[in-house]
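J.: based on what follows, work out the 3D shape:
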Amino acid sequence: MSEEEPELIPAKWIEIYHYCPKIIYYMGVLGARERETEYMVEGKSEQENEEERERRRITLLAKRKEKVIRRWMNLKLSSEKLGIKGEVDFIAQTENGTKIVEIKHTTINKLMPGYLYQTASYAMLAEENLKIPVRSIIIHYIKSGKTFEINLTDEIRNHVKWVTRKIKDIIEKEKIPKVQKIKECRGCGYYKVCKKL
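T.: Predicted structure coming up:
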C-alpha cells in the first residue's frame, strides 16, 4: 500500500468494537485473528443458504409483502471519505425505497448495537457508491427468526463516524482500551490472550 492510500477500516470492526474494543487492538495493532469455530463455519453456511433463497424471492425476506424491484448481493464497497470498506449481504430496491439487509446467524432476540451500526455503515457505503438514498436497514436473525427494521437517521450515521474514529485512534495510538470484565469474556476467542495482558 502506498503512502497516499489510506487504510480503510472493515465495517465488521464496527460490530466488533461494540462487542469489545480490546479486540480491535488485537486485530488492528497485533494482527491477531480469532480462530474459526464450528459455530462460525455453521453460521457462514446458513447465511449463504439464506442469501441464495433471497436471490430467488420476489418479496423481501419471504414473510414481508414488500416487492423487490432490484437487488444487489454480496457487493464489495469502500469509501475513503468514510474510511471504511465492507461486503454488503443484500441491498434491495423495493416499492418503499432502498433498504440494506444484513443476515446474522444468532439465537438472540434483541437488536444488538454492533449489528445496527455495522449495517448502518453498509448503508452509508451504498449511498456513496451507488448514488441512491437508503431509507432503512433491516437486520434478520436466521436462528431466532427475528427481523428488525430501523430508519437510517443522522444520529445513527454520526455514531458510525464516531466509532470509526475511535477504531482508528486505537490503531494509530497502539493503546489497549480499558474495558469492564463481563460474562461474555469467557466465550471470546481472545479470552486467553486478554487474561495475560
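J.: burial of residue 78, as a residue count?
T.: 16 (other Cβ atoms under 10 Å). For glycine as for every other residue, the C-beta is placed from the backbone atoms N, C-alpha and C.
J.: and residue 145, by the same measure?
T.: 10.
J.: renumber starting at 392 from here on
T.: Will do, 392 is the new start, and the previous item becomes residue 536.
J.: please read off the pLDDT at it from the model.
T.: Residue 536 carries a pLDDT score of 86 in this model.
J.: where does it land in three-state SS?
T.: coil (DSSP: H, G, I helix; E, B strand; the rest coil).
J.: excluding its backbone neighbours, what's nearest residue 557?
T.: residue 408 (6.7 Å; Cβ to Cβ, 6 or more residues apart in numbering).
J.: helices and strands of the chain: which one bottoms out on pLDDT?
T.: helix 429-447 (a mean of 63; mean pLDDT, DSSP states H and E).
J.: run the chain-centre distance for stretch 518-531.
T.: 13 Å (Cα atoms, centre = their mean, to the nearest Å).
J.: same check, this time on stretch 470-477
T.: 13 Å.
J.: same thing with stretch 469-489?
T.: The answer for stretch 469-489 is 11 Å, by Cα atoms, centre = their mean.
J.: are we agreed that residue 528 is in a helix?
T.: No - using three-state DSSP, the assignment for residue 528 is strand, not a helix.
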